[in-house]
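1. give the three-dimensional model of this entry:
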Amino acid sequence: MSRTDSALGTFIKAASSKDSNYLQIVGDSIEIRPFEIDVSLSPKAEEKLKEDKETVIVAAFFTGEPKDTTTREYRDNGEIFVTSRKIELTESRKAKFEGIKFSKGLYDSLSSKDINLLINVFSGRRSTNVNLLDCGIISLKMSRLESSSDTIKGRLIEEMN
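-> Residues are numbered from 1 along each chain as shown. Take a look at the predicted model:
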């Protein structure tokens, strides 16, 4: 059952068989419900990051399918950019994504209201200009985000060999 007209706005039910309220109308904006990503790194990766005073970046990219499929962005990518957020972690390995908004006009231009989410994790490149980490990704429709928390595992790229 979806919630409507809360003190903060109206929740939007995703266009899926799962009952998932992941967007909220707040004035002339759409706000994505808060969620967390835990980063679980190998002991070697944690040791290297600490030794090099390196950070971890958790990047969330939101895209969608537009009603107008004639745009160059859609032709080049098969989707359009909605919004993104990057969180840099120093010692903590929990990225809290909250307060992410985009325009209602952009939302209204989407053919599918179930936007795409892509989460990437990489090193902050403070000690070197190359990424040190080999991490999994999360790539799914927002309605498929099972809970308000998920985990991505990773290790050093050099551990791959």
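2. quick one: low-confidence parts of this protein?
-> 1-20, 146-147 (pLDDT under 70).
3. what segments of it are strands?
-> 10-13, 21-26, 29-32, 35-41, 56-64, 80-89, 94-97, 100-103, 116-123, 133-135, 138-141, 149-156 (DSSP state E).
4. packing partners for the fifth one?
-> If I follow you right, that is strand 56-64. Here strand 56-64 touches strand 35-41, strand 80-89, strand 100-103, strand 116-123, going by 3 or more CB pairs under 8 Å, 6 or more residues apart in numbering; DSSP states H and E. In short, each C-beta sits where N, CA and C put it, glycine included.
5. in the shortest one, what counts as buried?
-> The reference is to strand 100-103. If you call a residue buried by 16 or more other CB atoms under 10 Å, then strand 100-103 has these buried ones: 100, 102.
6. tell me what that strand is packed against?
-> strand 29-32, strand 56-64, strand 80-89.
7. can you check the longest one too?
-> Contacting strand 80-89 under the criterion 3+ CB pairs under 8 Å, 6+ apart are the following elements: strand 56-64, helix 72-77, strand 94-97, strand 100-103.
8. now K67: phi and psi?
-> When quoted as degrees, to the nearest 10, the phi and psi of K67 stand at phi -70, psi -40.
9. how about it: what's its closest non-neighbour residue?
-> S111 (4.6 Å; CB to CB, 6 or more residues apart in numbering).
10. spit out the contact partners of the most centrally placed residue in the chain.
-> Centroid-nearest residue in the chain: A60, 2.7 Å away (criterion: CA atoms, centre = their mean). When contacts are counted by CB atoms under 8 Å, 6 or more residues apart in numbering, A60 touches 37, 84-86, 97, 100, 117-119.
11. make it 7 Å
-> Residues in contact with A60 (CB atoms under 7 Å, 6 or more residues apart in numbering) are 84-85, 97, 117, 119.
12. and it, how far from F102?
-> Note on A60: its distance to F102, by CB to CB, to the nearest Å, is 12 Å.
13. much appreciated, bye for now.
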